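In: Below is the sequence, then the predicted model.
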Amino acid sequence: MRGQGYLLAAALALASSGVVAGAAAQDIGIGMIVPLSAPGDATGGQLIRRGAEIGIDMMNAQGGVLGKKLKLFVQDSQGKPEAGVAGYRRLVSEDKVVAVPGFFHSSVAIAVNEVAKEMGVPTMSVQASASEITSKHYDIAFRTHAVDPVRVSTWMEFIKQKGFKRVSLIAETTDYGIGLADETLAQAKTMPGVEIQKVMFDRTSTDLTPQLLQVKAFKPDLVINIGVGQPLDLIMDQATTIGLLPNTPMLISYDAPTRPQFWQLHEKNGNGIYFIAYYSPKSKLSDIGEQFAKAYKEKYKEDPVYGALNGFGSIAILTQAMKTANSTDPKALIKTLETGTYKSWPDAPVTFPRADGVYWHNWVPPVLILHYTAAKQDWKAAEIVVTYSKK
Amino acid sequence: MYSTELVVQTFISGILIGVLYALMALGITFIYSIMRMINWAMGEFYMIGSYLQYMLVAWLLGPDLWWLAILVSTAGVFVLGLFTEWSLLKPIFSKPPEIRSDYATVITLALLLMLRSLATGIAGPNQFTPGSNLPIVMVGPMPLAGARVAAFVFALVALGVFWAVLRYTWYGLALRATSQSRVGVQTAGIDVLRVDRVAFGIGVALAGLAGALLAPVFLVFPTNGLVTTVKGFEIVVIGGLGSIPGALIAGVALGLVESFGAAFVDSAYQNIYGFALVLLILVLRPNGLFGERGREA
């Protein structure tokens, strides 16, 4: 019995070891909400976090902001709106952060913005693309990422270029998946002769064979894989099993294949995949972007991908805004973000105007479609098939 | 409107996943039948089985010895189950029975959180796959991953062995007797706490076996046991808590309902069809297809 008591005590000690001390009073807190565990895309969240952490270190090495050091507080959204909302409340109420960048899953960003508009601390979505995030025109909502209409225009361009006539969308039932599927159906109306099949799935499902059998029966020229994280990988593997891949080309809806983990999971079926990306090494970086890329490579022994670059970019932008406003007050920060021009990782000015529709407070990077033409190909060597910029 | 080929493929897909669901649920119902407690951390033993399989295949044995890795992973989870029962559950099972169920709920829920957090802390949040060299196999008109077919066959064999052990061995007799009357077996001189430990070990080993078998199909990550837990409890409600044949039939029924619902009704609601079946069974047979009415002493 005594031995069992010690084991229980050890277990309790282990369970409580995750508790961390709060920031020193003189620090300026920046919050971050990203998925760090399933069913969220934990790899995506980890990359954004890495970029932000290096950004914080770089800004602090340059003297911090307003004579104070920056400190990053991270909350795991798990890809779930309720966890994201709880994280936001904690960041604002307990950690007293001045802004909350991050956000990978659109559902999380949309849910958090509903609370943020009451609590007043601005959010900055770095990799969540649903239109609703900015189309509601909330003062607190900012974004530095491609929105649904731009992403869909990019793959419609691809469909036109390749002359595809039958296209299957296999999309998760999240704001991200539904938004992209509906936007694709809407844009397809302007492309006579193109038939679209929409197959939806719950992102907690692990056996997607029934959905993929429907897709196969449709005999598509192209399959667009609108899964995020684990579902994306399951679709690829299960599509290979039933003979859909590699016989039918597959386009992945975001830049997951640029991650180092991609070839660990898809050594046998990753060749030939097309994927959306927002950055290519052929794109020119700004001076701070170059500094970041060097620091990232030194720390992680790999080149930064878009998520990490945008995570860094959010910290750089918020730091510049605080300096310009000479304040950490969220209202002053919002005003300054709306009116200023900022430097981030790309060699292009970043602005957040009060623009119409979905482009409210939204800076959109160019969107690319890349193509792996060999197994285990470095994403930097992937063929660029389409480059699309918002008209 | 729908081709015969699609119907047959959907049927095969449903049967295959259904047998694997049954394997996941069997452990829950087996532990309940012996110990009268629900192990809420069952999915985490599935997760540990999948990680063991990944580590053994990727780092030690290689993909050709996947079958050996499955045996070792299952044995590893069995030993972990014995240790868990001895360290966390035995103390309360040595005491009067009134608070056992509450205590077991708290302990297994805490265990669920701890094991999941430990997995994230040790292995990180990323997904892994042990890979498989098994070729794609044609089952009727349906091409299937060799790993999935192997998982199905292994699961059937494991279910057969489990049934034979229960039916034909002395220990199986002791286990069945304990499920009928814990007091009765004690009066016959059987150490019921030892039976509990073995039952818990076997129950979680079944989940670990499912995790190891499905590691190349459904990937390895810290929360991959969640589906096991949810599906497992759906099956237990459909089949009847404590009923082993019920778990088998309900597993296959759930697999078929989900597959046909997703293929022919609306794919977005794949997980809802299972819950609809649960509700239907609760209305028609509140104790499940093979469950018996409970009796309080």
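Out: Done, it's in. Given the structure is predicted, the values throughout are model-derived calculations rather than measurements.
In: all strands of the stretch 101-250 of chain A, in order?
Out: For the stretch 101-250 of chain A, applying DSSP state E, counting those that start in this stretch gives strands covering A:123-125, A:141-143, A:166-172, A:195-201, A:222-226, A:250-252.
In: The first one pairs with which strands?
Out: Here the strand partners of strand A:123-125, with direction, are listed using DSSP bridges: strand A:100-102 (parallel), strand A:141-143 (parallel).
In: Just put these in CSV and tack on distance to B:Leu254, mean pLDDT and mean neighbour count.
Out: Where C-beta positions appear, they are placed from N, C-alpha and C, glycine not excepted. Output for the strands paired with strand A:123-125, formatted as CSV (distance: least, Cβ to Cβ, whole Å; pLDDT from 0 to 100; neighbours: other Cβ atoms under 10 Å in any protein chain shown):
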stretch, distance to B:Leu254, mean pLDDT, mean neighbour count
strand A:100-102, 37, 97, 31
strand A:141-143, 41, 96, 27
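In: Give me the distance from the helix or strand where A:Glu298 lies to the chain's centre.
Out: Using DSSP states H and E, A:Glu298 sits within helix A:287-300. Helix A:287-300 has its C-alpha centroid displaced from the chain centroid by 20 Å (Cα atoms, centre = their mean, to the nearest Å).
In: what is the mean pLDDT for that helix?
Out: When pLDDT is averaged over helix A:287-300, the result is 94.
In: would you put the C-alpha positions of that helix in PDB?
Out: Output in PDB follows, covering the C-alpha atoms of helix A:287-300 (Å, rounded to 0.1, in the frame of the first residue of the first chain):
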ATOM      1  CA  ASP A 287      15.700  42.600 -44.300                       C
ATOM      2  CA  ILE A 288      14.000  41.400 -41.100                       C
ATOM      3  CA  GLY A 289      12.700  38.400 -43.000                       C
ATOM      4  CA  GLU A 290      16.300  37.500 -43.900                       C
ATOM      5  CA  GLN A 291      17.400  37.900 -40.300                       C
ATOM      6  CA  PHE A 292      14.600  35.700 -39.100                       C
ATOM      7  CA  ALA A 293      15.300  33.000 -41.700                       C
ATOM      8  CA  LYS A 294      18.900  32.900 -40.600                       C
ATOM      9  CA  ALA A 295      18.000  32.700 -36.900                       C
ATOM     10  CA  TYR A 296      15.400  30.000 -37.600                       C
ATOM     11  CA  LYS A 297      17.800  27.900 -39.600                       C
ATOM     12  CA  GLU A 298      20.400  28.200 -36.900                       C
ATOM     13  CA  LYS A 299      18.000  27.000 -34.200                       C
ATOM     14  CA  TYR A 300      16.000  24.300 -36.100                       C
END
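In: any residue of that helix up close to chain B?
Out: No - Helix A:287-300 stays clear of chain B (Cβ under 8 Å from any Cβ of the partner chain), getting no nearer than 13.3 Å.
In: mind listing the strands in the stretch 1-150 of chain B by residue range?
Out: Using DSSP E, counting those that start in this stretch, strands in the stretch 1-150 of chain B cover B:137-139, B:142-144.
In: got it, and the stretch 251-391 of chain A?
Out: Remark: strands assigned in the stretch 251-391 of chain A by DSSP E, counting those that start in this stretch are A:274-277, A:341-342, A:350-351, A:367-371, A:383-388.
In: so how many other residues sit close to the residue of chain B at minimum distance from chain A?
Out: Per Cβ to the nearest Cβ, B:Pro125 is where chain B lies closest to chain A, at 3.0 Å. By other Cβ atoms under 10 Å in any protein chain shown, 23 other residues sit near B:Pro125.
In: wait, what's in contact with the closest residue to it other than its chain neighbours?
Out: Nearest non-adjacent residue to B:Pro125, counting by Cβ to Cβ, 6 or more residues apart in numbering or on different chains: A:Ala42, 3.0 Å away. Listed by Cβ atoms under 8 Å, 6 or more residues apart in numbering or on different chains, the contact set of A:Ala42 reads A:35-36, A:229, B:124-126, B:221.
In: cutoff 6 Å now
Out: Shown in contact with A:Ala42 (Cβ atoms under 6 Å, 6 or more residues apart in numbering or on different chains): A:35-36, B:125.
In: Name the nearest of those residues relative to B:Met24.
Out: B:Pro125 (22.7 Å; Cβ to Cβ).
In: returning to what we had before: can you say which of the strands of the stretch 1-150 of chain B is packed in most?
Out: strand B:142-144 (a mean of 20; mean count of other Cβ atoms under 10 Å in any protein chain shown).
In: Who are the packing partners of it?
Out: Packing partners of strand B:142-144 (3 or more Cβ pairs under 6 Å, 6 or more residues apart in numbering or on different chains; DSSP states H and E): none among the helices and strands.
In: so what strands line up beside it?
Out: When pairs are called by DSSP bridges, strand B:142-144 turns out to pair with strand B:137-139 (antiparallel).
In: any idea of the mean pLDDT for the partner strand?
Out: 84.
In: From the rest of the structure, what touches it?
Out: B:12, B:144, B:146, B:149.
In: Verify the contact between the first one and B:Leu144 for me.
Out: If I follow you right, that is B:Ile12. No - applying Cβ atoms under 6 Å, one finds B:Ile12 not in contact with B:Leu144, separated by 7.7 Å.
In: and A:Val98, which of the strands of the stretch 1-150 of chain B is closest to it?
Out: strand B:142-144 (53.7 Å).
In: now that closest one, how far from the chain's geometric center?
Out: The answer for strand B:142-144 is 24 Å, by Cα atoms, centre = their mean.
In: Quick one: residues in contact with it.
Out: So strand B:142-144 is in contact with A:242-243, B:9, B:12, B:136-137, going by Cβ under 6 Å, 6+ apart.
In: C-alpha coordinates for the strand or helix carrying A:Gly45, CSV please?
Out: A:Gly45 belongs to helix A:42-61 when assigned by DSSP H and E. In CSV, the C-alpha atoms belonging to helix A:42-61 read as follows (Å, rounded to 0.1, in the frame of the first residue of the first chain):
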residue,chain,number,x,y,z
ALA,A,42,-0.5,20.5,-34.1
THR,A,43,2.4,20.7,-36.5
GLY,A,44,0.9,23.9,-38.0
GLY,A,45,0.5,25.4,-34.6
GLN,A,46,4.0,24.4,-33.6
LEU,A,47,5.5,26.1,-36.7
ILE,A,48,3.6,29.4,-36.0
ARG,A,49,4.8,29.2,-32.3
ARG,A,50,8.4,28.7,-33.3
GLY,A,51,8.3,31.7,-35.6
ALA,A,52,6.7,33.9,-32.9
GLU,A,53,9.2,32.7,-30.2
ILE,A,54,12.2,33.7,-32.4
GLY,A,55,10.4,37.0,-33.2
ILE,A,56,10.1,37.7,-29.5
ASP,A,57,13.8,36.9,-28.9
MET,A,58,14.8,39.2,-31.9
MET,A,59,12.7,42.1,-30.7
ASN,A,60,14.0,41.7,-27.1
ALA,A,61,17.6,41.6,-28.4
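In: Point out the residues in the stretch 1-150 of chain B that sit beside chain A.
Out: Within the stretch 1-150 of chain B, the residues that sit near chain A (Cβ under 6 Å from any Cβ of the partner chain) are B:6, B:9-10, B:13, B:17, B:87, B:91, B:114, B:120, B:125-127, B:129, B:143, B:145.
In: any weak-confidence spans in chain A?
Out: A:1-25, A:390-391 (pLDDT under 70).
In: What parts of it come near chain B?
Out: That would be A:4, A:7, A:15, A:36-38, A:42-43, A:173, A:199-202, A:205-207, A:209-211, A:213-214, A:217, A:230, A:241-243, A:261, A:265, which are the residues of chain A within reach of chain B (Cβ under 6 Å from any Cβ).
In: Please convert the buried members of these into PyMOL selection syntax.
Out: In PyMOL, a selection of the buried entries from these looks like this (16 or more other Cβ atoms under 10 Å in any protein chain shown):
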select buried, chain A and resi 36+37+38+42+43+173+199+200+201+202+205+206+207+209+210+211+213+214+217+230+241+242+261+265
